[in-house]
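Undergrad: Sequence below, structure please.
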Amino acid sequence: MKILVINCGSSSLKYQLIDMTDESVVCKGTIERIGLPINGGENNIIYTKKNEPKLMFDKEIKNHTEAFNTVKELMTTGDTAVVSSFDEIDAIGHRIVQGGDKYTKSVLIDKDVIDSVRRLSPLAPLHNPANLQGYEACLSVVGPDFPQVAVFDTAFHSTMPPMAYMYAIPHEYYEKYGIRRYGFHGTSHKFVSQRCADVMGQKIEKLKIITCHLGNGSSIAAVKYGKVIDTSMGFTPLDGFMMGTRSGGVDPSVVTFLAEHEHLTPKQLEDILNKRSGVSAISGGYSDDRDICALQSEGDDRASLAHEMQAYQIAKYIGSYVAAMNGVDAIVFTGGIGENGFWLRSKICSYLGYLGVEINQAVNQKTVKGAEAELTSPEDKVRVFILATNEELMIARDTKEIVEKLKK
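TA: The predicted structure follows:
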């Protein structure tokens, strides 16, 4: 079985074709600047065929349908072909960011699903409409009988109890607008928690795991016996701890104070908190962890403070989740920074001595992105891992499971 995984943004389309017999990537790529002018030399189209060099070129793409047709052409014709026709592909799996409290698992897409995802768009205005564009582009090319599956970022977090997901605001706003904690990065947290159990040689139903997805956007989840009981992101991906350009949680009165004294609109405040805050605000304009590390090594005080704040806030979340689960068996670092940021991992773990955590610094510093490593020892009470996430494979697995049920 071959599954095509699609992840659409407002002006981009990312894709992977995965052969589920061995879960290998047959081809993958991105198309960017959809609906935008191409000035030349931007290589807005990237295509990589298994075991072959990356192909990069420019092409003006008017809309997502044209983008998907380009993907189809690359996969089925000429030297770039990996299948003789699209009929060799069994289904398409789509990343959908917000499923609200209606979708607690992945589902086959039909009209009801589309209508629901569209109604939920105000909760994810930058993502759900773009995700729908991806589905509609595929629909226009492959037709209504081709199986397409929605895999929701929020679904894995749907096991949170009300005491974890409710906000202490008037209940009418929950009933009227669905204001509650939803959590995000669920596909990543699901993948690495399952992978952690596999690496430990134990059933996930017997483990308490804290998964730390750290990147430009970051979140942490408490996974108790295979189910999420709490997570750091909330109503939107802005909540939690400081990220690349996001503030994380702040006193709500800071927002109203700034609105009053700076005469800011809700849109302006949203821009400040999402795009001008976090590590970037503290460091002086740098949000990439590689830049922060370089500046820190040069003795830059603001970069050092940004890193210190980030590590401190993450360690506090880990501590709170240890309390929430009444213990922890494993802590996992994943995502771009989680897999690469040896300084941040080391600093976070330095706060965890009360758990008996003492990591191997030599292993911590030599681990490269995509590699798996244990920073502790198998006999330690609390084990710490670096595990590469694979959201595309998780989407493909969910899609495969649904399609197989259709064939029975």
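Undergrad: Give me the pLDDT for the residue located most distally from the centre of the chain.
TA: Centroid-distance maximum for the chain: His261 at 35.2 Å, with C-alpha atoms, centre = their mean. We have a pLDDT of 98 for His261.
Undergrad: ok, then the element right after whatever helix or strand it lives in?
TA: In the assignment (DSSP states H and E), His261 maps to helix 252-262. Downstream of helix 252-262, the next assigned helix or strand under DSSP H and E is helix 266-275.
Undergrad: and that next one with helix 252-262, angle?
TA: Using axes from the mean of the first three to the mean of the last three C-alpha atoms, to 10 degrees, one finds that helix 266-275 and helix 252-262 are set 130 degrees apart in direction.
Undergrad: What lies in contact with helix 266-275?
TA: Here helix 266-275 makes contact (C-beta atoms under 8 Å, 6 or more residues apart in numbering) with Leu238, Thr245, Arg246, Ser247, Val250, Val255, Leu258, Ala259, Leu264. Bear in mind the C-beta positions are built from the backbone N, C-alpha and C, glycine included.
Undergrad: What are the buried residues along it?
TA: Leu269, Ile272, Leu273, Asn274 (16 or more other C-beta atoms under 10 Å).
Undergrad: Tell me where the stretch 101-250 of the chain has strands.
TA: Per DSSP state E, counting those that start in this stretch, the stretch 101-250 of the chain carries strands over the ranges 107-108, 148-152, 208-213, 219-224, 227-231.
Undergrad: what about those strands, which gets the closest to Val25?
TA: Smallest distance to Val25 across the strands of the stretch 101-250 of the chain (C-beta to C-beta): 17.1 Å, for strand 148-152.
Undergrad: Return the list of strands paired to the closest one, each annotated with direction.
TA: strand 91-96 (parallel), strand 107-108 (antiparallel) (DSSP bridges).
Undergrad: Out of the ones you listed, which one sits most buried?
TA: Mean neighbour count (mean count of other C-beta atoms under 10 Å) peaks for strand 91-96 among the strands paired with strand 148-152, with a mean of 26.
Undergrad: circling back: neighbour-wise, give me the winner out of the contacts of helix 266-275.
TA: Within those, most neighbours by other C-beta atoms under 10 Å means Arg246, with 26 neighbours.
Undergrad: ok, now which ones touch it?
TA: By C-beta under 8 Å, 6+ apart, the residues touching Arg246 are Gly217, Pro237, Leu238, Leu273, Asn274, Ser277, Gly278.
Undergrad: Next one, pLDDT for the last one please.
TA: The score at Gly278 is 97. That number is its pLDDT.
Undergrad: what sits against it?
TA: Counted by C-beta under 8 Å, 6+ apart, Gly278 has contacts Met242, Met243, Gly244, Thr245, Arg246, Ser247, Gly248, Ser287.
Undergrad: The first one now?
TA: Contacts of Gly217 were listed using C-beta under 8 Å, 6+ apart, and they are Phe184, His185, Pro237, Met243, Gly244, Arg246.
Undergrad: let's see it at 7 Å
TA: Pro237, Met243, Arg246 (C-beta atoms under 7 Å, 6 or more residues apart in numbering).
Undergrad: what's the answer for the second one, then?
TA: If a contact means C-beta under 7 Å, 6+ apart, then Pro237 has Phe184, Gly217 as its contacts.
Undergrad: that older thread, could you dump the contacts of Gly217 into CSV and include pLDDT and distance to Lys190?
TA: CSV is the format used below for the contacts of Gly217 (pLDDT from 0 to 100; distance: C-beta to C-beta, whole Å):
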residue, pLDDT, distance to Lys190
Pro237, 91, 17
Met243, 96, 20
Arg246, 94, 22
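Undergrad: Any chance of these in JSON lines with distance to Ala155 as columns?
TA: Converted to JSON lines, the contacts of Gly217 look like this (distance: C-beta to C-beta, whole Å):
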{"residue": "Pro237", "distance to Ala155": "15"}
{"residue": "Met243", "distance to Ala155": "22"}
{"residue": "Arg246", "distance to Ala155": "22"}
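Undergrad: for Asp251, phi and psi?
TA: Backbone geometry at Asp251, expressed as degrees, to the nearest 10, gives phi -60, psi 120.
Undergrad: any idea how far the residue farthest from the centre of the chain lies from Pro129?
TA: Applying C-beta to C-beta, to the nearest Å, the value for His261 to Pro129 is 34 Å.
Undergrad: Same check on Leu139?
TA: 15 Å.
Undergrad: returning to that earlier point: looking at the strands paired with strand 148-152, which is nearest to Ile331?
TA: The nearest among the strands paired with strand 148-152, by C-beta to C-beta, is strand 91-96 at 25.8 Å.
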